[in-house]
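Visitor: sequence below, structure please.
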Amino acid sequence: MSDLRSMANAIRALAMDAVETANSGHPGMPMGMADAATILFRNHLKFDPKRPDWPDRDRFVLSAGHGSMLIYALLHLTGYERPTIADIKAFRQMGSPCAGHPENFELAGVETTTGPLGQGLATAVGMAIAERHLNAGFGDDLVDHRTWVIAGDGCLMEGISQEAIGLAGHLKLGRLNVIWDDNRISIDGPTALSTSEDMAGRFTAAGWHVVACDGHDFNAIDAALAAAAADPRPSLIACRTTIGFGAPKKAGTSGSHGSPLGADEIAGARAALGWTAGPFEIPADIAAAWQEIGARGTAPREAWEARLAASPHAADFADRLSGAMPAAATAALDAHIAALIAAPQKIATRKASELALAAVNPAWPALLGGSADLTGSNNTRTKDQSPLTAADYAGRYVYYGIREFGMAAAMNGMALHGGVVPYGGTFLVFSDYMRNAIRMSALQHARVVYVLTHDSIGLGEDGPTHQPVEHLLSLRAIPNLAVYRPCDTVETAEAWALALADQTRPSVLALSRQNLPQLRLTADENLTARGGYRLRAAVAARRVVFLATGSEVEIAVAAAATLETAGIGCDVVSMPCWEAFDAQPAAYRADILPGDALIVSVEAGVTLGWQRYTGNDGLNFGVDSFGASAPIEALYQHFGLTAAHIAEAVQARLAA
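Guide: Numbers count the residues shown, from 1 in each chain. Have a look, this model is predicted:
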């Protein structure tokens with residue numbers, strides 16, 4: 001068998017060659033971490049390239065995603081179908097799965113898309129939570145794996161890392177092991193320019209086990225990883241490395257961090273490493289040694305499959321991993337909606353959300369809820385849910401504490417792990433704290449449901465710091481994110497049904513603090529799925545179409561009623577989801593938004609964006625400034641969001 005250094009040098013060579021060919025990328029980190037990664041994959045990581053979706057595989061997360069050539073080299077060398085050498089030669093080029101940063105939808109073996117530093121680590125916390133939760137339900141025979149992370153100095157500087165390590169330490173996630181690439185270099189230069197904190201002390205204080213090693217001593221690395229795996233606490237392995245290891249002039253400097261080494265430096269590195277193979281060439285003995293490592297996973301994977309086949313829980317386990325919404329859950333929501341039609345309720349949509357969850361949670365064990373310290377306000381916990389704690393991982397509710405960003409990233413990890421469908425709550429205004437993680441949900445096609453309450457100036461006296469104004473538009477701007485703002489109990493239940501059934505994207509439910517009347521009194525179909533639909537049709541000849549969402553739909557209904565008394569026919573369209581409406585056939589959209597009517601939007605947020613539906617000749621009522629601290633009635637009066645004001649303005653426009 002080839003020696004370990006030569007195996008690690010294969011990673012270094014591929015990283016140097018790919019970055020040089022692309023004239024773009026980060027060679028230093030893969031070169032520095034090649035030794036640690038070799039030991040991890042050879043001696044500790046449980047995986048099978050032939051079955052990259054094996055449910056009981058270890059999860060490997062490259063949180064320092066800029067060093068993407070590390071994972072691309074590892075996947076190729078250990079025998080994954082892709083990336084091929086041709087893929088690696090096309091590193092960072094259009095059409096290559098070897099993107100600048102690892103993307104989970106491009107390559108099997110990439111567990112999560114990384115690049116925004118710190119989020120990989122926080123996502124891994126969610127994976128570790130999912131593993132313990134499923135283990136509590138199905139036992140060691142079916143669920144018994146670890147989550148391994150490689151994180152850099154930048155990952156640990158980002159604030160989300162503190163949220164993540166605090167939660168992991170509190171939950172005693174001993175199957176989580178973070179290998180810190182302690183190279184003490186960032187883009188600007190030595191990390192001493194910007195930080196002097198005791199990193200080991202930080203983790204120790206959060207309840208982690210910490211072990212240090214020389215990141216270029218194979219025996220020391222192996223011992224450190226073994227110690228981490230044996231400890232019941234989550235572990236930090238501080239791996240002291242040299243960035244750009246082997247480069248004669250740029251090793252240990254920021255010069256190897258984010259740009260190609262250059263032909264001369266690569267030639268010098270090849271000489272220093274004793275690497276004589278040409279660009280993108282792996283000697284046969286080294287390739288065989290790596291392939292043998294990949295082949296080791298077949299036997300444990302087949303043994304696991306045999307255990308699954310013999311398990312009385314096999315069918316339940318397969319159902320959990322499929323991610324499909326159970327028929328019982330769909331039936332529970334249908335029955336709940338039918339009950340609402342039979343007995344309408346005037347309640348806040350956050351309370352309507354709780355009622356929908358109370359119906360669906362008992363019917364779907366995969367649902368795992370939580371809140372960032374706002375459980376009583378978000379109404380996210382139902383009576384059947386017990387807390388998930390270090391003493392009871394079977395619980396189905398996570399108390400995340402005041403860690404919005406960490407919560408969102410952890411939910412991404414749960415969704416990507418599989419077997420868990422996460423939802424979590426906070427105030428809509430605090431979506432700013434976790435925006436990048438929501439964006440990563442959308443990019444990764446992760447089914448995460450964000451329950452964002454107190455969705456407008458309607459929250460009242462807490463004032464402009466807590467009143468979301470631009471947030472709905474901001475979230476709607478994220479591709480592949482469904483943003484629902486329901487107007488009543490029925491639309492809220494319908495939004496939950498859509499969000500939970502959709503395995504291709506995350507969803508936001510923007511929910512009111514204030515009570516709202518139930519406007520939907522029939523439910524022959526899920527009209528929220530249309531995105532926008534005619535809630536009230538004009539009685540007189542139609543001249544106006546109101547578009548409204550959430551708490552403003554009742555205002556539009558009242559304004560329309562006033563105009564009808566003056567002989568002005570008005571349609572009222574409830575538009576809970578722009579994204580769904582935009583996906584409707586053109587003929588349907590044209591019927592809802594006729595060209596011969598004045599189109600009027602009403603929403604307690606910025607009016608920017610509504611012009612795509614109203615046109616420049618339409619009217620837009622909203623809040624184009626920060627809010628104010630006052631009772632709700634005074635706020636709606638102040639900002640002109642009343643039926644009387646809107647009806648008067650519409651009449652004036654029609655008369656002009």
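
Visitor: tell me the secondary structure at residue 398.
Guide: Following DSSP: H, G, I helix; E, B strand; the rest coil, the label given to residue 398 is strand.

Visitor: show the pLDDT at it.
Guide: Looking at residue 398, its pLDDT is 98.

Visitor: who's in contact with it?
Guide: Under the criterion of C-beta atoms under 8 Å, 6 or more residues apart in numbering, the contact list for residue 398 reads 129, 368-370, 387-388, 407, 410, 424. Where you see a C-beta, it was placed from the backbone N, CA and C, and this is true even at glycine.

Visitor: how about those in JSON lines, adding pLDDT, neighbour count and distance to residue 228?
Guide: Output for the contacts of residue 398, formatted as JSON lines (pLDDT from 0 to 100; neighbours: other C-beta atoms under 10 Å; distance: C-beta to C-beta, whole Å):
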{"residue": "129", "pLDDT": "99", "neighbour count": "29", "distance to residue 228": "18"}
{"residue": "368", "pLDDT": "98", "neighbour count": "25", "distance to residue 228": "26"}
{"residue": "369", "pLDDT": "98", "neighbour count": "24", "distance to residue 228": "31"}
{"residue": "370", "pLDDT": "98", "neighbour count": "27", "distance to residue 228": "27"}
{"residue": "387", "pLDDT": "98", "neighbour count": "13", "distance to residue 228": "27"}
{"residue": "388", "pLDDT": "98", "neighbour count": "22", "distance to residue 228": "23"}
{"residue": "407", "pLDDT": "98", "neighbour count": "32", "distance to residue 228": "25"}
{"residue": "410", "pLDDT": "98", "neighbour count": "32", "distance to residue 228": "20"}
{"residue": "424", "pLDDT": "98", "neighbour count": "27", "distance to residue 228": "29"}
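
Visitor: the residues you listed in helices, which ones?
Guide: Among those, DSSP state H puts 129, 407, 410 in helices.

Visitor: hmm, residue 415 and the first one touching each other?
Guide: Put plainly, it is residue 129. No - with the criterion set as C-beta atoms under 8 Å, residue 129 and residue 415 do not qualify as a contacting pair; they are 11.4 Å apart.

Visitor: reformat the ones in helices among the contacts of residue 398 as CSV; add distance to residue 254.
Guide: Rendered in CSV, the data for those read as follows (distance: C-beta to C-beta, whole Å):
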residue, distance to residue 254
129, 35
407, 33
410, 31
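
Visitor: closest to residue 307 out of those?
Guide: Lowest distance from residue 307 to the ones in helices among the contacts of residue 398 (C-beta to C-beta) belongs to residue 129, with 23.1 Å.

Visitor: distance of the closest one from residue 169?
Guide: In this structure, residue 129 and residue 169 are separated by 13 Å, where distance is defined by C-beta to C-beta, to the nearest Å.

Visitor: try residue 290
Guide: 35 Å.

Visitor: do the same with residue 569
Guide: Distance of residue 569 to residue 169, computed by C-beta to C-beta: 62 Å.

Visitor: before we move on, the earlier item: of the contacts of residue 398, which is the nearest to residue 201?
Guide: The nearest member of the contacts of residue 398 to residue 201, counting by C-beta to C-beta, is residue 410 at 23.5 Å.

Visitor: residue contacts, residue 394?
Guide: 133, 136-137, 386, 388.

Visitor: quick check: closest non-adjacent residue to the most centrally placed residue in the chain.
Guide: Nearest residue to the geometric centre of the chain (C-alpha atoms, centre = their mean): residue 441, 2.8 Å. In space, and not counting its chain neighbours, residue 441 is closest to residue 506: 3.8 Å by C-beta to C-beta, 6 or more residues apart in numbering.

Visitor: could you verify my assumption that residue 10 touches residue 286?
Guide: Yes - at 5.2 Å, residue 10 and residue 286 qualify as touching, with contact defined as C-beta under 8 Å.

Visitor: among those two, which residue is more densely surrounded?
Guide: Legend: neighbour count by other C-beta atoms under 10 Å for residue 10 and residue 286, higher for residue 10 (25 against 21).

Visitor: mind pulling up the pLDDT for that one?
Guide: At residue 10 the predicted local distance difference test score is 98.

Visitor: can you check residue 310 too?
Guide: What the model reports for residue 310 is a pLDDT of 98.
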